[in-house]
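can't give you the sequence, but here's the structure:
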């Protein structure tokens, strides 16, 4: 799970005064009489919308919303006004109304950059990934009304943020496009490092964090991310002095305390980690990172009920969090709620199909549900990301055995025995019995 404090803004910059100019005539001439009333009406509408947008810019969303309602009654095909309506609704917390307004704007003008990006960001924020990505991908092909490089760069950064975990190569290219348009910022450096981590290029990520710390050794963002990276790459001894330095600066910082708990876990000090996490959870039960880590620790200690108690609120508030659903699936297996466990793991694999742990969990749950075909399909996906293990081979062997695929079952049983080396006596005995039965000559 990503711990970085980077977040792209989900509120769009206003596009003020971006309406097309009224029909122009050469100097010294006037519009034909039949066009003068039309031009006057267009000028009046543009002026009215300019005034509404000035109220939006001033934060007077209540007045702007009322005036937009009246304006759109008379001008229902004004895509710019529909964007303003969506922005106003979103600013007031009415996301459903904002989505409807942005969709209307796009239906009127499919090439409107502002509504396309706004709707994509809103879907992303709500966890609707399948709806969000096509819009973000479309936004980077469109031109902002102001033709602003900064606005176009913001769309590229939004796409980079969206793809940073699942499609790191695509995210990296998107970030490069943004940097071609605007100068690199600290947030860009952190995002590049996060993308590198997702791509398992830990050296590049570490270099970025250290470069930021060279500029400012008290940069808490870079310090926290470097600590997390060193722990993830099992370099606890290197992480510890950085963690002490950070905690000396911010002793009550929840993220740093989470990292300390993670460090304790990596050092095998589970009881100390549990005590720290419980204390932090009592102080701030709404700290999601601490809740997730505590739930995971309790699940690892086979306290599924305790883990679920901590995890339950997160299932609703984090519908797109891989770690939440992975832990939930594990708990449901322990609680013998197998069909629900299968569903939880399916959810996890949909969120992050490139993580082998989700597929491994799904394979086990499907096996417990007596679904051998689904078990094999999950194992095939698992093996794309993780090396084969004794456990995964035993699942593969029994699944093939259930499907009467004799040769595949025998091969998997034999490979399991090669790796097991006496660590799984019951399963090894079963494997030998099944090999003997499956290879016995038929009379």
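Everything's here; your move. These figures come from a predicted structure and were not determined experimentally. Residues are numbered from 1 along each chain as shown.

quick one: the helices in the stretch 251-400 of the chain?
254-266, 270-283, 288-300, 304-317, 322-334, 338-351, 356-368, 372-382, 390-402 (DSSP state H, counting those that start in this stretch).

mind putting those helices in CSV, mean neighbour count and mean pLDDT included?
(C-beta placed from N, C-alpha, C; glycine too.) Shown next, in CSV, are those (neighbours: other CB atoms under 10 Å; pLDDT from 0 to 100):
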stretch, mean neighbour count, mean pLDDT
helix 254-266, 21, 83
helix 270-283, 16, 85
helix 288-300, 22, 86
helix 304-317, 16, 90
helix 322-334, 24, 94
helix 338-351, 21, 96
helix 356-368, 24, 97
helix 372-382, 20, 97
helix 390-402, 22, 96
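
distance to residue 231 for those helices - can I get that in TSV?
Formatted as TSV, the helices of the stretch 251-400 of the chain follow (distance: least, CB to CB, whole Å):
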stretch	distance to residue 231
helix 254-266	5
helix 270-283	12
helix 288-300	12
helix 304-317	21
helix 322-334	15
helix 338-351	22
helix 356-368	17
helix 372-382	25
helix 390-402	25
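
for residue 186, give me its contacts.
Counting by CB atoms under 8 Å, 6 or more residues apart in numbering, residue 186 touches 212, 219, 221.

from residue 363, how far out is it?
Remark: distance between residue 186 and residue 363 (CB to CB, to the nearest Å) = 42 Å.

now residue 252. Its backbone dihedrals?
With angles defined as degrees, to the nearest 10, residue 252 sits at phi -100, psi 10.

only the buried residues of the helix or strand that contains residue 105, if you could.
Using DSSP states H and E, the element containing residue 105 is helix 95-108. If you call a residue buried by 16 or more other CB atoms under 10 Å, then helix 95-108 has these buried ones: 97, 98, 99, 101, 102, 104, 105, 106, 108.

chain center to stretch 403-423, what's the gap?
37 Å (CA atoms, centre = their mean, to the nearest Å).

closest to residue 147 among the buried residues of helix 95-108?
residue 105 (18.4 Å; CB to CB).

my guess is the closest one contacts residue 77. True?
No - the criterion here is CB atoms under 8 Å, and residue 105 misses it with residue 77 at 10.2 Å.

any low-confidence regions in the protein?
Applying pLDDT under 70 to the chain flags residues 1-38, 40-41, 43, 443.

by residue count, what's the longest helix in it?
helix 36-57 (DSSP state H).

quick one: residues in contact with whatever helix or strand comes next after it.
Using DSSP H and E, the helix or strand that follows helix 36-57 in sequence is helix 61-74. Defining contact as CB under 8 Å, 6+ apart, one finds that helix 61-74 is touched by 45, 48-49, 51-53, 55-56, 78, 81-82, 84-85, 88-89, 91-92.

swap the cut-off to 7 Å and go again
Outside of helix 61-74, the residues within contact range by CB atoms under 7 Å, 6 or more residues apart in numbering are 48, 49, 52, 55, 56, 78, 81, 84, 85, 88, 91, 92.

what angle separates the helix or strand that comes right after the helix holding residue 105 from helix 95-108?
Remark: after helix 95-108, the chain's next helix or strand is helix 113-125, criterion DSSP H and E. Here the directions of helix 113-125 and helix 95-108 differ by 140 degrees (axes from the mean of the first three to the mean of the last three CA atoms, to 10 degrees).

after helix 113-125, which helix or strand is next?
Heading C-terminal from helix 113-125 (DSSP H and E), you reach helix 129-139.

chain center to stretch 218-234, what's the gap?
On CA atoms, centre = their mean, the centre of stretch 218-234 falls 20 Å from that of its chain.

ok, now stretch 257-271?
With CA atoms, centre = their mean, you get 25 Å for stretch 257-271.

how many neighbouring residues does residue 252 have?
10 (other CB atoms under 10 Å).

what of residue 243?
23.

what's the nearest residue to it if we skip its chain neighbours?
residue 227 (5.2 Å; CB to CB, 6 or more residues apart in numbering).

where's the one you found, which helix or strand?
Judged by DSSP H and E, residue 227 forms part of helix 220-232.

which residues sit in contact with the spatially closest residue to residue 360 that is not a sequence neighbour?
Leaving out its chain neighbours, the residue that sits closest to residue 360 by CB to CB, 6+ apart is residue 382, at 4.8 Å. Listed by CB under 7 Å, 6+ apart, the contact partners of residue 382 are 356, 359, 360, 363, 392.
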